[in-house]
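Novice: build the 3D model from these lines:
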Amino acid sequence: MSKIRKFTQFSFRDLVATAGPTVLTIAALCAVAYFLVDPSPPRRVTLGTGQENSAYEEFGKKYAAKLGKHGIAVTLQRSLGSQDNLQHLNEGKVDIAFVQSGSTEQAEAQRKGLVSIGSLFTEPVWLFLREDAKVTQLSQLKGLKINLGPEGSGVPKLFRQVLALNGVEPADLTIGTLENTPGTVELLEGRIDGLVFSSGPDAPLVQMLLQTPGFKLFDFTQAEAYSRRLPFVSHVVLPRGIVDVGRDIPAQDYHLIAPTATLVAREDLHPALIDLYVQAASEIHGGTGWFQQQGQFPSARYTEIPVAREAAKFYKDGAPLLQRYMSFWLANFFDRMWVVVVALAALVLPLSKVVPPLYVWRIRSRVYRWYGQLRTVEQELEAAQGAQRADICAGLLKRLDEIEEMVNQISIPLAFADGLYGLRSHINFVRQRVKNAVADDQVRATQSAPGALA
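Specialist: Below you'll find the predicted structure:
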């Protein structure tokens with residue numbers, strides 16, 4: 001006796017077989033969209049800093065430490081200064097770099113594909129002179145040996161503009177082009193009269209020269225006028241005693257002119273890295289300082305280079321919502337999931353109309369494929385003639401029994417039971433036709449036998 005399969009409410013196997021290829025196709029396309037349309041941020045980035053012992057170099061180390069906590073390896077690349085960093089950005093040698101305001105123009109920055117992460121801190125122009133130099137006005141620098149630093153930094157260009165406002169031509173003094181550290185050595189050895197560089201007050205050279213006897217800091221008493229004539233600089237004051245209150249260093253307030261240090265990146269830098277850099281900048285530069293108030297920096301102001309969209313959003317709304325509660329990589333993953341959502345929306349809606357008909361067709365095909373064999377049985381019955389017709393019918397009945405046994409083993413959802421019962425009834429219908437044909441043959445054989453009419 002054949003085993004009859006029970007009806008089920010739902011065929012999970014058929015659903016998997018039907019929807020599986022579709023699901024795999026969607027998953028593959030979503031993966032392609034995830035990695036190609038919006039790739040994950042790189043784990044290595046190169047930051048252009050500045051000269052040895054400069055504030056840029058010191059801050060570069062802090063950025064490397066901050067980003068290192070998120071699994072981003074930051075390679076620090078020294079340079080001569082802002083102009084050198086701009087050139088490295090244009091050549092693709094660095095991904096992001098410190099640049100002094102006034103080093104380039106907005107149109108040029110846009111043409112070269114550069115964006116600003118924001119202003120970080122003011123970096124005053126420091127002019128240290130030998131104490132015996134009788135200089136109270138910049139016009140009195142004529143004839144002196146003054147080191148302005150290498151042309152790759154932003155100071156020579158800036159200070160020449162300042163000299164021009166005082167009616168001093170570069171040829172009126174002997175200009176040195178040494179880097180800050182060897183230039184300081186020359187000043188300490190008395191081989192030059194003065195040293196000019198631009199740096200944050202945290203720079204080791206600034207701290208050392210402010211406390212070294214025999215040297216004095218030039219007081220830009222006309223700093224406010226310079227800030228009006230040169231829009232990329234501001235007027236800042238070095239307060240009396242800020243270096244050492246106990247020793248009263250410095251012994252007076254000093255007026256200084258100060259451009260701002262900015263972080264400049266190539267516009268193709270990954271948006272997630274821009275978010276990470278601006279958050280690190282907020283932690284590193286957001287406190288109070290010699291020349292800034294709490295929360296004054298970083299800022300979208302004080303920069304002639306267009307601010308990156310992600311940085312501008314940070315200054316307006318703060319850190320991205322997910323990054324406030326999740327790790328950087330996890331937040332970045334969910335933030336990029338919108339790409340997958342778009343891909344799913346584009347694929348699931350049309351494919352969802354295909355899967356149900358395929359599921360129905362797969363279930364019903366288990367029943368319908370047996371009708372072909374029933375039709376074959378009927379065709380053989382109609383073609384059977386002669387004395388072998390009885391043997392053929394016996395074989396057809398056996399085949400019908402085999403078909404019915406196989407059909408009884410079909411597992412099918414209850415919603416499709418009508419098709420299965422219809423198939424069984426049609427099997428019985430064909431069986432009855434075969435039996436009727438056998439009975440008719442027996443009647444004709446009886447009627448045609450000798451003595452049948454007696």
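Novice: how about the strands in this structure?
Specialist: Per DSSP state E, the chain carries strands over the ranges 44-48, 73-77, 96-100, 114-122, 125-130, 145-147, 174-176, 194-198, 215-217, 234-238, 254-258, 260-266.
Novice: closest to Lys66 out of those?
Specialist: strand 73-77 (8.6 Å; C-beta to C-beta). Every C-beta, even on glycine, is put in place using the N, C-alpha and C of the backbone.
Novice: thinking again about what came up before, between the strands of the chain, which one is closest to Val278.
Specialist: Val278 lies closest to strand 114-122 among the strands of the chain, at 5.4 Å (C-beta to C-beta).
Novice: what packs against that closest one?
Specialist: Here strand 114-122 touches helix 82-91, strand 260-266, helix 271-285, helix 309-317, going by 3 or more C-beta pairs under 8 Å, 6 or more residues apart in numbering; DSSP states H and E.
Novice: roughly how far is it from the heart of the chain?
Specialist: With C-alpha atoms, centre = their mean, to the nearest Å as the basis, strand 114-122 stands 20 Å off its chain's centre.
Novice: in it, what counts as buried?
Specialist: Judged by neighbour count using 16 or more other C-beta atoms under 10 Å, the buried positions of strand 114-122 are Leu114, Val115, Ser116, Ile117, Gly118, Ser119, Leu120, Phe121, Thr122.
Novice: how much space separates the second one from Ala394?
Specialist: Counting by C-beta to C-beta, to the nearest Å, the gap between Val115 and Ala394 amounts to 89 Å.
Novice: same check on Leu381?
Specialist: Between Leu381 and Ala394 the computed distance is 12 Å (C-beta to C-beta).
Novice: format the strands of the chain as TSV; extra columns: mean pLDDT.
Specialist: Listed next are those as TSV, based on pLDDT from 0 to 100:
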stretch	mean pLDDT
strand 44-48	96
strand 73-77	96
strand 96-100	94
strand 114-122	93
strand 125-130	96
strand 145-147	96
strand 174-176	95
strand 194-198	94
strand 215-217	95
strand 234-238	93
strand 254-258	95
strand 260-266	94
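Novice: so which of those gets nearest Tyr325?
Specialist: Comparing the strands of the chain by C-beta to C-beta, strand 114-122 comes nearest, at 23.3 Å.
Novice: relative orientation of the closest one and helix 82-91 in degrees?
Specialist: Put simply, strand 114-122 runs at 150 degrees to helix 82-91, going by axes from the mean of the first three to the mean of the last three C-alpha atoms, to 10 degrees.
Novice: returning to what we had before: between Leu381 and Ala394, who's got more neighbours?
Specialist: A count of neighbours by other C-beta atoms under 10 Å puts Leu381 above the other of Leu381 and Ala394, at 18 against 12.
Novice: tell me if I'm right that that one and Asn436 touch.
Specialist: No. Leu381 is not in contact with Asn436 according to C-beta atoms under 8 Å; the separation is 10.0 Å.
Novice: hmm, back to that, quick one: which of the buried residues of strand 114-122 is nearest to Ala300?
Specialist: Distances from Ala300 to these, taken as C-beta to C-beta, are shortest for Gly118 (5.5 Å).
Novice: the closest one pairs with what?
Specialist: Beta-bridge partners for Gly118, by DSSP bridges, are Leu263.
Novice: I'd guessed it sits against Thr303; true?
Specialist: Yes. Taking contacts as C-beta under 8 Å, Gly118 lies within contact range of Thr303: 6.9 Å.
Novice: overlap of the contact sets of these two?
Specialist: By C-beta atoms under 8 Å, 6 or more residues apart in numbering, Gly118 and Thr303 have these common neighbours: Thr262.
Novice: pLDDT at the spatially closest residue to Pro320 that is not a sequence neighbour, what is it?
Specialist: Nearest residue to Pro320 in three dimensions, chain neighbours excluded: Asp275, at 6.2 Å (C-beta to C-beta, 6 or more residues apart in numbering). Looking at Asp275, its pLDDT reads 91.
Novice: Asp275 and Gly318, how far apart?
Specialist: On the measure of C-beta to C-beta, Asp275 and Gly318 end up 11 Å apart.
Novice: next one: Ser82
Specialist: Separation of Ser82 from Gly318 (C-beta to C-beta) stands at 29 Å.
Novice: and these two? which has more neighbours close in?
Specialist: Ser82 (30 against 12).
Novice: can you give me every residue that contacts that one?
Specialist: Counting by C-beta under 8 Å, 6+ apart, Ser82 makes contact with Phe98, Val99, Gln100, Ser103, Ser153, Gly154.
Novice: what are the ranges of the helices in the stretch 351-454 of the chain?
Specialist: Under the criterion DSSP state H, counting those that start in this stretch, helices of the stretch 351-454 of the chain are mapped to 355-383, 389-408, 417-448.
Novice: distance to Glu179 and mean pLDDT for the ones you listed - can I get that in JSON lines?
Specialist: JSON lines is the format used below for the helices of the stretch 351-454 of the chain (distance: least, C-beta to C-beta, whole Å; pLDDT from 0 to 100):
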{"stretch": "helix 355-383", "distance to Glu179": "69", "mean pLDDT": "82"}
{"stretch": "helix 389-408", "distance to Glu179": "91", "mean pLDDT": "87"}
{"stretch": "helix 417-448", "distance to Glu179": "89", "mean pLDDT": "83"}
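Novice: can I get these in CSV including distance to Val243?
Specialist: What follows is the helices of the stretch 351-454 of the chain, written out as CSV (distance: least, C-beta to C-beta, whole Å):
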stretch, distance to Val243
helix 355-383, 75
helix 389-408, 98
helix 417-448, 93
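Novice: run a quick neighbour tally on the residue lying closest to Asn332 once chain neighbours are set aside.
Specialist: Once flanking residues are discounted, Asn332 sits nearest to Ala272: 4.9 Å by C-beta to C-beta, 6+ apart. Under the neighbour criterion other C-beta under 10 Å, Ala272 is assigned a count of 23.
Novice: mind listing what Ala272 touches?
Specialist: Contact partners of Ala272, counting by C-beta under 8 Å, 6+ apart, are Ser40, Pro41, Phe328, Asn332, Asp335.
Novice: so which of those residues are in helices?
Specialist: Using DSSP state H, Phe328, Asn332, Asp335 are the members of the contacts of Ala272 that sit in helices.
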